[in-house]
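Student: Here's my sequence, what's the structure:
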Amino acid sequence: MSGFQKQLRSDLRAAISTHARFANFDDNIGFPRDFDADGLPFFVVRTPRKQSSRAAFDVVDRTTLVTISLRRKGGDDLEDQFDDDEEAIEALVLPILEAAGLEAFHELTESEVLRAGGTRFGQVDLTFRVIHSTG
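Tutor: Alright, predicted model coming up:
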């Protein structure tokens, strides 16, 4: 299963980093431990949770949560930018998952906007549920 997840993350990172909207975003393999607004924008693709259940004697249904996290700075329209980011990511991700023959849907979006000094920055996390069977 690790090969499946590795390929999934790789395919999604490639699609996001080549999209014009995210061309100036750094592609991080993980979250930097310490970062400031000067290190923005960046994105991370991760598969933080996996679950398996037996569907039949020789078939296992596997569910993988795929989370795409975007961090950026902005002005008073930062929430609007996150709304546009969400639309763009969903339009990128779902066709890739469906083309791979996977059942997938956008399950959750969470965002947060912060201010440090005079700089507004924030994050939006989009979680997709991906279901596939093996056996």
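Student: make it CA atoms for all contacts and neighbour counts henceforth
Tutor: OK.
Student: just checking, what packs against the worst-scoring helix or strand of the chain on mean pLDDT?
Tutor: Ranked by mean pLDDT, DSSP states H and E, the weakest helix or strand in the chain is strand 42-56, scoring a mean of 85. Secondary structure elements in contact with strand 42-56, counted by 3 or more Cα pairs under 8 Å, 6 or more residues apart in numbering; DSSP states H and E, are helix 2-18, strand 26-28, strand 59-74.
Student: So what are the sheet partners of that strand and their directions?
Tutor: Strand pairing for strand 42-56, determined by DSSP bridges: strand 26-28 (parallel), strand 59-74 (antiparallel).
Student: Which one of these lies nearest to Ser53?
Tutor: Proximity to Ser53 (Cα to Cα) singles out strand 59-74 among the strands paired with strand 42-56, at 5.3 Å.
Student: Just the buried residues of the closest one, please?
Tutor: For strand 59-74, burial by neighbour count (16 or more other Cα atoms under 10 Å) applies to 62-74.
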